[in-house]
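Visitor: Here is the input, now give the coordinates:
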Amino acid sequence: MIAVQVYPHRDEATGEAIMEAVLLENGAWYRAGIDGKREMLGTLMH
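Guide: Okay, the predicted model is just below:
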């Protein structure tokens, strides 16, 4: 499952668009950047 931010915001310093997604993979939630980097946010509780 992937949730994508539809309207990116712009970095105040550089003016570049910033887009992130939330990825659910193997029971863990990740913040996924447009550059392919992932940051684990947490896991599903059972």
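
Visitor: so residue 30 makes contact with residue 38?
Guide: Yes: using Cβ atoms under 8 Å, residue 30 is in contact with residue 38, at 4.4 Å. In short, each C-beta sits where N, CA and C put it, glycine included.

Visitor: Common neighbours of these two, please.
Guide: residue 23 (Cβ atoms under 8 Å, 6 or more residues apart in numbering).

Visitor: So between the two, which is more surrounded?
Guide: Higher neighbour count among residue 30 and residue 38: residue 30, with 18 against 13, using other Cβ atoms under 10 Å.

Visitor: Which helix or which strand is home to the more buried one?
Guide: strand 28-33 (DSSP states H and E).

Visitor: what comes up buried for that strand?
Guide: Of all the residues in strand 28-33, those buried under the rule 16 or more other Cβ atoms under 10 Å are 29-30, 32.

Visitor: Report all helices and strands that that strand contacts.
Guide: strand 20-25, strand 38-43 (3 or more Cβ pairs under 8 Å, 6 or more residues apart in numbering; DSSP states H and E).

Visitor: partners of that strand, with directions?
Guide: The strands beside strand 28-33 in its sheet (DSSP bridges) come out as strand 20-25 (antiparallel), strand 38-43 (antiparallel).

Visitor: what's the offset of the last one from the middle of its chain?
Guide: Just to be clear, that refers to strand 38-43. 9 Å (Cα atoms, centre = their mean, to the nearest Å).

Visitor: before we move on, what about stretch 16-25?
Guide: 3 Å.

Visitor: Please apply the same query to stretch 37-46.
Guide: 11 Å.

Visitor: Let me know the average pLDDT across it.
Guide: In this model, stretch 37-46 has an average pLDDT of 83.

Visitor: Tell me what residue 29 is bridged to.
Guide: Bridge pairing for residue 29 - DSSP bridges - gives residue 24, residue 42.
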